[in-house]
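Enquirer: Dropping a prediction and its sequence here:
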Amino acid sequence: MRRIALLLVTVVMVASVVACMVPPSQHADAQPPPSQHANAQLPPVLGDKIPPGYRYWPLISVAREKGDLNDIRAKLGNDVAIKAYREGKLPFPDGTIIARLAWNYVPSEVNDQAFGHFQSFVAGSPKEKEGVQFMVKDSRKYASTGGWGYAQFNDGKPGNVAVQNSCFSCHTFVKDRDFVFTNFAP
């Protein structure tokens, strides 16, 4: 009986390890991540298209915004962005794309139960008003806005152009960092 139980535990453990080793792109509901070459060669003009596979881009950093925003954010970067961050290269090269995803900031009752007191917050529902935002570096096309174009998508559709056109005014506060707020958090 012990041998059967040990064999069963071993099979479950091996299956768990194998399942963890399968890349997300091989799961039925996942979009395959772009190859490094395809990722690096994304056109700098987004138009009405969200860059394919952006959710598989490496993490640049996370942020917690309080006040009116009250959210948790993740900043992701394509290969061009990540290479520039790792090398400390400013200004960012053309082809850099930085994505911003945001979620409502909510308490976690399950985590608080485990910790024994109220302390844990997690990402809740996606922030619908802000959608998914992108910064795209094309120094010629966006010369009037420091070389950066801004895009926003709500439910996969291009967002309000007036809102996108207002992005640069805030980014002027970080002109010395090539208009990018987010530092790399390796």
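Expert: Okay, I see it.

Enquirer: What is the longest strand of the protein by residue count?
Expert: For the chain, the strand that runs over the most residues, judged by DSSP state E, is strand 97-107.

Enquirer: can I get the CA coordinates of it in PDB?
Expert: Taking Å, rounded to 0.1, in the frame of the first residue of the first chain, the C-alpha atoms of strand 97-107 are listed here in PDB:
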ATOM      1  CA  ILE A  97       7.000  50.000 -26.900                       C
ATOM      2  CA  ILE A  98       6.000  50.200 -23.300                       C
ATOM      3  CA  ALA A  99       2.600  48.800 -22.200                       C
ATOM      4  CA  ARG A 100       0.600  49.800 -19.100                       C
ATOM      5  CA  LEU A 101      -2.000  47.600 -17.700                       C
ATOM      6  CA  ALA A 102      -4.100  48.600 -14.600                       C
ATOM      7  CA  TRP A 103      -6.400  46.900 -12.200                       C
ATOM      8  CA  ASN A 104      -8.600  48.100  -9.400                       C
ATOM      9  CA  TYR A 105      -6.900  47.800  -6.000                       C
ATOM     10  CA  VAL A 106      -8.900  45.500  -3.800                       C
ATOM     11  CA  PRO A 107      -8.500  43.800  -0.400                       C
END
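
Enquirer: That one - what's its average pLDDT?
Expert: For strand 97-107, mean pLDDT is 92.

Enquirer: before we move on, what about stretch 64-73?
Expert: Mean predicted lDDT for stretch 64-73 stands at 89.

Enquirer: And stretch 117-137, by the same measure?
Expert: 85.

Enquirer: For the protein, which segments are assigned as helices?
Expert: In the chain, the helices defined using DSSP state H lie at 2-21, 36-40, 79-87, 109-115, 161-165, 167-171.
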